[in-house]
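S.K.: mind looking at a prediction? Sequence and model below.
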Amino acid sequence: MEEVGTGLLDRLDAMQRVAASAPGGPLLIVAGPGTGKTRTLTHRIAYLCAELNVFPERCLAITFTRRAAEELRHRLDGLLGPVAEDITVGTFHSLGLTILRENAGTAGLPDDFRIADDADRAAARDEAGDDQAGYTALLRKRDLVDLDELLTLPVELLRADPKLVDRYRDRWRWIFVDEYQDVDAIQYELLRLLSPADGNLCAIGDPDQAIYSFRGADVGYFLRFSQDFTDARLVRLNRNYRSSAPILAAAVQAIAPSSLVRGRRLDPARLDPEAPLVGRYAAATVADEADFVVHTVDELVGGLSHRSLDSGRIDGRSTNLSFSDIAVLYRTDSQAAPIVDALARANVPVQKRSHDRLRDRPGVAAIARELRHADGLGGGLPARVRLAGQVVADRFAAPTLDGSGTVRPEEVRAAVDLLTPLARRCGDDLGLFLSQLATGAEVDALDPRAEAVTLLTLHAAKGLEFPVVFLVGCEDGLLPLRWPGTTPDDDAIAEERRLFFVGLTRAQDRLYVSHAARRSRHGTERDCRPSPFLDVIDPGLFERLGDTEPRRPKDRQLRLL
Ligand code: ATP
Ligand code: MG
C-alpha cells in the first residue's frame, strides 16, 4: 500500500492535482491521451476517502470494460488498502445487474433470474416470430433477462419510483465515470437518474478518442456536460507523459482537422532531443509490409536467431527492448494473418487478443450446468468450479457429452483452468459468475507480461501503451475504412481519424506507419494509395524507411510489359 496522507497528491502534476482535489459538485476532466486520466481518477477517489472523510461505500466508479474496471480496482487497492473494497467499481452492465438484483421482485422477476444466452434468445425468437413484445414475454416466463435489459429495466424501475432514486442517490453520493465520451443514450439516462444535476458526478474522457458511435455511443453527451450539470467545473489536462515529442507532434497534427476539443493542446513532458522520428515504410505488397515488421522487430530486439546473446541495435545503440514492448495495430482483424504468419516463421512469439467467449469452450457448458443445479457443492466459488469439473469428469467418464458434442477429461480440466480466474473475480457470487458467462465473458488471452509481440485492432488498443508501435495498413480505404460500393460521410471520416489518433498515441518511444501499394480486400486485389490522414502530418516528422518509391509488385510489372 502506498503512503496515504499529505503525500497522496505528490505524484501528480499541478493540473492533475487541481482535478484530483477539486471540491464536490459536477466535474468534467477533459484530458488527451497519455495525460494520466486513470492516475488522476484513482488519486481523486483516494484523496476524497483519505483526506475528506468520504466513505468508500458512498463511491461508485464506472468504466466501459471489465478489464478497465479490474485495472481501476487494482490501483485503488494500491492507494487505499483494504477499505478500497467498499468502493463499488464496475461496468455499466454490472451496475444495471446490481440494481436489478436488488429490485427483482418489483421488476416481476424471481431472485434467481438469469441472463439469456444465445440459445435462450434463439429459442424465444423462433417461438415469437416477428412479435417483439411476445419475445420479451417468453423470456420473462422463463425468468430470463436480455442483455440490453440490464440497462433498460433499471432505468424503468428508477423512472417509476422516485423513492428508489433517492435510495440510490443516498448510497452513491460520489459517482465517477471514465471514458465519458463513449456513453450512449441509455447509459446517460441511468447516470442522470443516479446523479442529480448538482451532484458529485466526475466525468473524465477525451472527445477526440470517441470511437464507438457505430455502437450507439454519442460524444454529444460529453460536449454538453456543462449544460446538463449545474455549475460544472472544467479541468483540462494537457501534459502528455507517454509519447516522445515527434510522436506526439505527429498525433496532434493528425487529429487537428477533426478535433472536437477547442484549442486542443498536448504538451510533451518528454523532451529527449535524440528521440527518433516516426518511421514510414511504403511497402509494395502485404507480404512486403509483413517482412518490414519482422525485419524491424529483429533489429529492435536483437538477432532473432541468437537473441539471447545480443540485444537489439539501431544506429549503433543498444535498444534493450523485448517482444512484450512491441505492438502491431491494424484497422480490421483480417489484416492480422499475414503479419502473424511472417512473425511466426521468424520464430517471434505473438499474442493476439482473443474474442473467443468462455462459454464456447468445450466443457464450460457442462460445468456451468452442474454449478447451477448442484446446491450441495460447498466452499468458495473457485473451489466449487473445481468440484463441478470433477463431478462432470467422473459422472461421464470419458468421453463426456457436452450437449454440443463430446468433451474429453483434459478438456474439462482446461475448462476449469479457464473458469477459475472469472470465478475469483466474482467473489462468491454464483449468480454474477453465471451471468458473466452468459453475457459473453471472453477468454482473456492478452497477458501484458507475456514475452510476445501483441497484435490488436485499433479499437482494442484504446487505453493501452507500448514502447514500440507499428500501425500497419495506413491506406485509403482501410484508414479511413470504406466498404465496397459505399462512401463514408464526414462524420464517419472524422471517427476514422479519431481511431487513427488513438493508434498513433499508443506509442511511447518508437512509432512506425506503413502502407502497401497493393492489397486484396473482399476477394479482389487492387492498387492502394497511402492514407490521406498521413498527408496532414509534416513530412519532416517522418523518416522514410526502405525504398523511397514504392516498388511495383512483380506480377504487375509483367502485365505492364
Ligand atoms: P489514454 O487516453 O490513452 O487512455 P490516459 O490519459 O489514461 O491515456 P495514462 O495511461 O493514465 O493516460 O497515463 C499515461 C502514462 O503517463 C502512464 O505511463 C502514466 O504512468 C504516466 N503518467 C501520468 N501522469 C504522470 C505524472 N504526473 N508523472 C509521471 N508520469 C505520469
Ligand atoms: Mg486511459
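M.R.: Right, received. Where do you want to start? Ligands and ions are numbered 1, 2, ... in the order given.

S.K.: so, low pLDDT: which residues of the chain?
M.R.: Along the chain, the parts satisfying pLDDT under 70 run over 1-6, 303-319, 353-356, 374-378, 396-406, 439-449, 547-561.

S.K.: let me know the distance separating the nearest residue to residue 493 once chain neighbours are set aside from residue 531.
M.R.: Counting by Cβ to Cβ, 6 or more residues apart in numbering, residue 480 is the residue found nearest to residue 493 once chain neighbours are left out, at 5.2 Å. Heads up, the C-betas are built off the backbone N, CA and C, glycines and all. According to Cβ to Cβ, to the nearest Å, residue 480 and residue 531 sit 8 Å apart.

S.K.: check residue 159 too.
M.R.: Using Cβ to Cβ, we find residue 159 at a distance of 45 Å from residue 531.

S.K.: now do residue 9
M.R.: 41 Å.

S.K.: what do you get for residue 164?
M.R.: Distance of residue 164 to residue 531, given as Cβ to Cβ: 50 Å.

S.K.: looking at those two, which is more packed in?
M.R.: Neighbours per residue (other Cβ atoms under 10 Å) separate residue 164 from residue 531, with residue 531 holding more: 23 against 18.

S.K.: please name the bridge partners of residue 240.
M.R.: residue 268 (DSSP bridges).

S.K.: now do the contacts for it.
M.R.: Contact analysis of residue 240 by Cβ atoms under 8 Å, 6 or more residues apart in numbering lists 32-35, 248, 266-270, 505.

S.K.: okay, and which of these map to strands?
M.R.: Counting by DSSP state E, the contacts of residue 240 place 267-268 in strands.

S.K.: what does this structure have sitting close to ligand 1?
M.R.: Proximity of the chain to ligand 1, by Cβ under 6 Å from any ligand atom, involves residues 12-13, 16, 31, 33-39, 206, 209, 241-242, 463, 465, 505.

S.K.: now, of the contacts of residue 240, which are buried?
M.R.: Buried subset of the contacts of residue 240 (neighbour count, 16 or more other Cβ atoms under 10 Å): 32-35, 248, 266, 268-270, 505.

S.K.: could you say which helix or strand contains residue 127?
M.R.: Assigned by DSSP states H and E, residue 127 falls within helix 118-128.

S.K.: show me the helices in the stretch 51-200 of the chain, by range?
M.R.: For the stretch 51-200 of the chain, applying DSSP state H, counting those that start in this stretch gives helices covering 66-80, 92-102, 118-128, 132-141, 149-160, 162-171, 185-194.

S.K.: any chance of the ones you listed in CSV, with distance to residue 489 too?
M.R.: Below are these laid out as CSV (distance: least, Cβ to Cβ, whole Å):
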stretch, distance to residue 489
helix 66-80, 30
helix 92-102, 28
helix 118-128, 32
helix 132-141, 30
helix 149-160, 28
helix 162-171, 39
helix 185-194, 21
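
S.K.: out of those, flag the one nearest residue 511.
M.R.: Judged by Cβ to Cβ, the one of those that comes nearest to residue 511 is helix 66-80, at 23.6 Å.

S.K.: which parts of that closest one are buried?
M.R.: Applying 16+ other Cβ under 10 Å to helix 66-80 flags 66-69, 71-73, 75-77, 79-80 as buried.

S.K.: what about residue 496, distance to residue 182?
M.R.: Distance of residue 496 to residue 182, computed by Cβ to Cβ: 16 Å.

S.K.: ok, these two, which is more surrounded?
M.R.: A side-by-side neighbour count of residue 496 and residue 182, using other Cβ under 10 Å, places residue 182 first with 25 against 22.

S.K.: which is the next helix or strand following the host helix or strand of residue 493?
M.R.: Residue 493 is part of helix 490-504 when elements are defined by DSSP H and E. Later in the chain than helix 490-504, the nearest helix or strand by DSSP H and E is strand 507-516.

S.K.: that next one: how far from the chain's middle?
M.R.: 21 Å (Cα atoms, centre = their mean, to the nearest Å).

S.K.: what separation do you get for whatever residue of the stretch 101-250 of the chain ends up closest to ligand 1 and residue 272?
M.R.: With Cβ to the nearest ligand atom as the measure, residue 241 is the residue of the stretch 101-250 of the chain nearest to ligand 1, at 3.3 Å. As judged by Cβ to Cβ, residue 241 and residue 272 stand 13 Å apart.

S.K.: looking at those two, which has the bigger crowd around it?
M.R.: Using other Cβ under 10 Å, the more surrounded residue of residue 241 and residue 272 is residue 241, with 16 against 11.

S.K.: quick check: phi and psi at the nearest residue to residue 143 once chain neighbours are set aside.
M.R.: Nearest residue to residue 143, sequence neighbours excluded (Cβ to Cβ, 6+ apart): residue 113, at 4.9 Å. Dihedral angles of residue 113 (phi, psi; degrees, to the nearest 10) stand at phi -60, psi 150.

S.K.: would you agree residue 113 is in contact with residue 104?
M.R.: Yes. Between residue 113 and residue 104 a contact is recorded at 6.0 Å, counting by Cβ atoms under 8 Å.

S.K.: more neighbours: the two, which one.
M.R.: Using other Cβ under 10 Å, the more surrounded residue of residue 113 and residue 104 is residue 113, with 21 against 17.

S.K.: contacts only, for the more buried one.
M.R.: When contacts are taken as Cβ under 8 Å, 6+ apart, residue 113 is in contact with 100, 104, 143-145.

S.K.: can you narrow these to ones near ligand 2?
M.R.: With the criterion set as Cβ under 5 Å from the ion, no member of those is near ligand 2.

S.K.: buried only: go through the residues you listed for me.
M.R.: Applying 16+ other Cβ under 10 Å to the contacts of residue 113 flags 100, 104, 144-145 as buried.

S.K.: which residues are in contact with the residue in the stretch 451-561 of the chain positioned nearest to ligand 2?
M.R.: Across the stretch 451-561 of the chain, the shortest distance to ligand 2 (Cβ to the ion) belongs to residue 463, at 4.2 Å. Residues near residue 463 by Cβ under 8 Å, 6+ apart: 38, 68, 179.

S.K.: could these go into JSON lines alongside distance to residue 327?
M.R.: JSON lines is the format used below for these (distance: Cβ to Cβ, whole Å):
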{"residue": "38", "distance to residue 327": "18"}
{"residue": "68", "distance to residue 327": "18"}
{"residue": "179", "distance to residue 327": "20"}
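
S.K.: closest one to ligand 2 out of the residues you listed, please.
M.R.: The closest of those, once distances to ligand 2 are taken by Cβ to the ion, is residue 38, at 4.8 Å.

S.K.: what about the closest one, which helix or strand?
M.R.: For residue 38, the element it lies in under DSSP H and E is helix 37-51.

S.K.: with only the CA atoms kept, save that helix in CSV.
M.R.: Output of helix 37-51 as CSV, limited to C-alpha atoms (Å, rounded to 0.1, in the frame of the first residue of the first chain):
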residue,chain,number,x,y,z
LYS,A,37,-6.5,10.1,-16.7
THR,A,38,-6.5,6.8,-14.7
ARG,A,39,-3.8,8.1,-12.4
THR,A,40,-5.9,11.3,-11.7
LEU,A,41,-9.2,9.4,-11.3
THR,A,42,-7.8,6.9,-8.8
HIS,A,43,-6.0,9.6,-6.9
ARG,A,44,-9.1,11.7,-6.7
ILE,A,45,-11.1,8.9,-5.2
ALA,A,46,-8.3,8.1,-2.8
TYR,A,47,-7.9,11.7,-1.8
LEU,A,48,-11.6,12.1,-1.1
CYS,A,49,-11.7,9.0,1.1
ALA,A,50,-8.4,9.5,2.9
GLU,A,51,-8.4,13.3,3.3
